[in-house]
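Colleague: using only what follows, build the 3D model:
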Amino acid sequence: MRQSRFDRDVVFAAVADERRRIASLIDGLHAAQLASASLCKGWDVKTVAAHLVSVVADSFWIFQRTALRCRGVDRAIDQLARRRAQAPAHEITAALRSHANRDLSPPITGPLSGLTDVLVHGGDIKIPLGLPFNPELGRVGLALDFLTGPLPLGFVPRGRLRRICLHATDVDRTWGKGVDVRGPIAALMMSVSGRAALLDNLDGPGVPLLRHRLFS
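Modeller: Numbering: from 1, shown residues only. Here you go, the predicted model:
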């Protein structure tokens, strides 16, 4: 069962709530945890939080200038996150809270991309620290609607989910057609997004194919 319709205001409110939750999480971490490697390749936990601030605090023109200077979007994202990560953690969390209610709806990917970003990065922080990762199921369902949709730009490379059916075992939802990949909805979201940390929580005949695509 696939659900594609959503209420924009509900999505924006969910994003704001997730930003505040991450701010509170970061406030409770000690220096060694902040410096721990996240699931987001090349970034420690503190830099992931700084990226979430950059997404809402750095203007379109700052991003465009940085992308031109760095000769690439991914390099610009990385540089802006690392720049903000130089600030003390309490300044990063204060900025995340102060910008929590800023609504973002990119012209191509729309508001669900912002929800997906903050949910996945929450997993990037919590999972390697051994903290419980239990995002709200409905929100993760919306993220998977986006990740399996026609334009998950920057999140899912073309072809990763071809001929794969994702089947959430904790909610009555499926996405796609093909060989089954079954498991908790949060593990599906993280795996689809390129994080292998929760792959062992999945089963079904499609898991080897998904694993191969993540590592190829």
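
Colleague: start and end of stretch 200-210, how far apart?
Modeller: With C-alpha to C-alpha, to the nearest Å as the measure, stretch 200-210 spans 12 Å from end to end.

Colleague: averaged pLDDT, it. What do you get?
Modeller: For stretch 200-210, mean pLDDT rounds to 98.

Colleague: for stretch 33-44, same thing?
Modeller: 97.

Colleague: got a list of contacts for it?
Modeller: 26, 45-48, 51, 78, 81, 85, 89, 121, 123-125, 127-129, 190, 195, 197 (C-beta atoms under 8 Å, 6 or more residues apart in numbering). For glycine as for every other residue, the C-beta is placed from the backbone atoms N, C-alpha and C.

Colleague: repeat that for 7 Å
Modeller: Residues outside stretch 33-44 that contact it (C-beta atoms under 7 Å, 6 or more residues apart in numbering) are 45-46, 48, 81, 89, 121, 123-125, 127-129, 195, 197.

Colleague: TSV please, covering those residues and showing neighbour count and distance to residue 146.
Modeller: Compiled in TSV, the contacts of stretch 33-44 are given as follows (neighbours: other C-beta atoms under 10 Å; distance: C-beta to C-beta, whole Å):
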residue	neighbour count	distance to residue 146
45	27	24
46	25	26
48	23	19
81	23	21
89	19	29
121	23	14
123	25	15
124	26	17
125	27	20
127	19	20
128	18	24
129	16	26
195	21	16
197	15	20
